[in-house]
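Student: Output the structure for:
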Amino acid sequence: MADTWLPSLITDTPQQGFELAITLSRRGVKYTQPDMDTLKKLRPEYANDAAGLTAASQVIATNFQTVAAANNYWRK
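Tutor: Numbering: from 1, shown residues only. Here you go, the predicted structure:
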């Protein structure tokens, strides 16, 4: 995945920042496991696993912290 898809962490609103955090998290999974067949095969396992879902939420939260800091927490 050599395409440039992330020109900036700057967003106009916290909502856009949260959506960017989700995108970052999902892209991280795709970089880690680029085989889509394997990803689809594993999804039912973690989709019903509380620990896996909690871990996914933690990754999103960490990415949101990064985006929020880059945006000076949307202070004007």
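
Student: Helix, strand, or coil at residue 11?
Tutor: What DSSP: H, G, I helix; E, B strand; the rest coil gives for residue 11 is coil.

Student: Per-residue pLDDT of the closest residue to it other than its chain neighbours, please?
Tutor: Of all residues not flanking residue 11 in the chain, residue 17 sits nearest, at 4.4 Å (C-beta to C-beta, 6 or more residues apart in numbering). From N, CA and C alone the C-beta is placed, and that goes for glycine too. The model reports residue 17 with a pLDDT of 98.

Student: cool, residue 43 as well?
Tutor: 89.

Student: Next up, identify which helix or strand it is on.
Tutor: helix 36-47 (DSSP states H and E).

Student: before we move on, what about residue 25?
Tutor: For residue 25, the host element (DSSP H and E) is helix 14-32.

Student: List the buried residues in that helix.
Tutor: 17-18, 20-21, 24-25 (16 or more other C-beta atoms under 10 Å).

Student: tell me the contacts of residue 48?
Tutor: For residue 48, no contacting residues are found, by C-beta atoms under 8 Å, 6 or more residues apart in numbering.

Student: what do you get for residue 59?
Tutor: With contacts defined as C-beta under 8 Å, 6+ apart, residue 59 is in contact with 25, 28.

Student: SS state for it?
Tutor: Classification of residue 59 by three-state DSSP places it in helix.

Student: and it, how far is that from residue 37?
Tutor: 22 Å (C-beta to C-beta, to the nearest Å).

Student: Residue 12 now?
Tutor: 37 Å.

Student: And the residue nearest the centre of the chain, what's its pLDDT?
Tutor: The residue lying closest to the centre of the chain (C-alpha atoms, centre = their mean) is residue 25, at 2.0 Å. pLDDT recorded at residue 25 is 97.

Student: you'd agree it is up against residue 60?
Tutor: Yes: using C-beta atoms under 8 Å, residue 25 is in contact with residue 60, at 4.8 Å.
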